[in-house]
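Colleague: Generate a structure from the sequence data that follows.
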Amino acid sequence: ANSMRISIAWSRVLPYGFSNNVSREAIQFYNNVIDEMIAQGIEPFITMFHFDLPQKLEELGGWSNPMIVDWFVDYARVLFQNFGDR
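Modeller: All right, here's what the predicted structure looks like:
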């Protein structure tokens, strides 16, 4: 295969759901995965959300809370800042 879809777990990158607490271990893990895929000639296609909303956000109403839009934008920003160069 020359491409592959992988999911990035919001709850792994932002364990408490918010961008003020980024897991550096998760960022390094996904950097390693993406870099290895590229080194092997496989283009990564990233899924940003796949049924893994952080528990804290679920407790705040999850997808029914209008603030979810802002939370998702913050999460997307973290991903693009860390992985957007590839």
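Colleague: Tell me where this structure is predicted with low confidence.
Modeller: Judged against pLDDT under 70, the chain has no low-scoring part.
Colleague: For it, which segments count as helices?
Modeller: 10-13, 24-39, 55-59, 68-83 (DSSP state H).
Colleague: Would you mind putting the CA coordinates of the third one into PDB?
Modeller: The one in question is helix 55-59. Presented in PDB, the C-alpha positions along helix 55-59 are these (Å, rounded to 0.1, in the frame of the first residue of the first chain):
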ATOM      1  CA  GLN A  55     -13.900  11.900  29.500                       C
ATOM      2  CA  LYS A  56     -13.800  15.500  30.800                       C
ATOM      3  CA  LEU A  57     -15.500  16.800  27.600                       C
ATOM      4  CA  GLU A  58     -18.100  14.000  27.800                       C
ATOM      5  CA  GLU A  59     -18.800  15.200  31.400                       C
END
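Colleague: before we move on, back to that, most tightly packed of the helices of the chain?
Modeller: helix 10-13 (a mean of 21; mean count of other Cβ atoms under 10 Å). For glycine as for every other residue, the C-beta is placed from the backbone atoms N, C-alpha and C.
Colleague: In terms of secondary structure, what does that helix contact?
Modeller: helix 24-39, helix 68-83 (3 or more Cβ pairs under 8 Å, 6 or more residues apart in numbering; DSSP states H and E).
Colleague: Which of those helices sits closest to Asp52?
Modeller: helix 68-83 (11.0 Å; Cβ to Cβ).
Colleague: and the closest one with helix 24-39, angle?
Modeller: Counting by axes from the mean of the first three to the mean of the last three Cα atoms, to 10 degrees, helix 68-83 points 60 degrees away from the direction of helix 24-39.
Colleague: what comes into contact with helix 68-83?
Modeller: 8, 10, 13-14, 17-19, 22, 27, 30-31, 34, 46, 48-49, 57, 61-62 (Cβ atoms under 8 Å, 6 or more residues apart in numbering).
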